[in-house]
Each structure stands twice: as structure tokens, then as C-alpha cells.
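Peer 1: Return a 3D structure for these sequence lines:
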Amino acid sequence: MAREYEQSYFFDAGLYFECLQCGACCTGAPGTIYVSDREIDAIRQFLAIPADRLIQDHLYAFRDSYSIREHADGRCHFYENGCRIYPVRPHQCRIYPFWFSNLRSLKAWKKTAAQCPGIGRGRFYDRERILDIVQTTF
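Peer 2: All right, here's what the predicted structure looks like:
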């Protein structure tokens, strides 16, 4: 068993979460949403636009691929009264709020929960599932 699985976490008893598609995580403070080549292709197909137009209008170079642009108010380029690409949203969006930064302490989780109404609702995630999700974070 990996060392990180041996230690105790505030979420050892598990957590509940359900995405309510409220947009709280898609608006506000700026951030980086990494998109892989495969995700770019899925978004391009979903929006039925050429890849070069998707990149020019909605992405910027980041690491070995791209990140989604934000509007001046911090809102994701794909958020307009809801996520326009929800069915094909990037992996990083799919695993929110189970990001390392949110799970590093109970205090960080409570701060995230104050902004995300889906925390504490819906599906139960046990400790092992949460740790598996965190391992897939970029």
C-alpha cells in the first residue's frame, strides 16, 4: 500500500458530493484548467468547430498543451448561464472538488464547501475513491 494511503485524513469516513452545475467553480477567482489534446478534440467535436478556432478563441498555451481562457471577471470562457461543454468538460473540471488543494486540510475543505453547494450532497465517496481521484490530478 502506498505511503499516502497509510496516513490518516479528515475524510477517512468519506465525503458526499454532487455537481449541481451551479457554476461556483467556473466563476470567481482565476485559475488554470489544463486541457489535453484528447480533451481539445472532444470539445472541438462537441462544439462543431475547427481545432485552430477553438484554440484561438478559448485556450492559451500551457505546459505541453493548453488551458482554458477566462473572461476579465474570472469566469471560464465556456461558462454562460451554465457550462457549454459540460458533457465533455476537462478531467480537471470533472474531479472538482477533489483537488489536492481542497483536500489538504479540513479547513481548506470547509472553505471550498462554503463556495460549492454540492459538497455534502449526493453520491458518497469513500476514502479510497477520493485518494484515487487525487492521484489523477495534474
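
Peer 1: Count the neighbours of Ile43 for me.
Peer 2: 22 (other Cβ atoms under 10 Å). Where C-beta positions appear, they are placed from N, C-alpha and C, glycine not excepted.

Peer 1: element containing it?
Peer 2: helix 37-47 (DSSP states H and E).

Peer 1: and if you look at Asp132?
Peer 2: Asp132 belongs to helix 127-135, assigned by DSSP H and E.

Peer 1: Tell me the gap between that helix and the middle of its chain.
Peer 2: The chain centroid and the centroid of helix 127-135 are separated by 14 Å under Cα atoms, centre = their mean, to the nearest Å.

Peer 1: Which residues does that helix contact?
Peer 2: Here helix 127-135 makes contact (Cβ atoms under 8 Å, 6 or more residues apart in numbering) with 4-5, 9, 11-15, 95, 98-100, 103, 125.

Peer 1: hmm, back to that, report the buried residues of the helix or strand just after the helix holding Ile43.
Peer 2: The first helix or strand that comes after helix 37-47 along the chain, using DSSP H and E, is helix 51-58. Neighbour-count burial for helix 51-58 flags 54-55, 58 (criterion: 16 or more other Cβ atoms under 10 Å).
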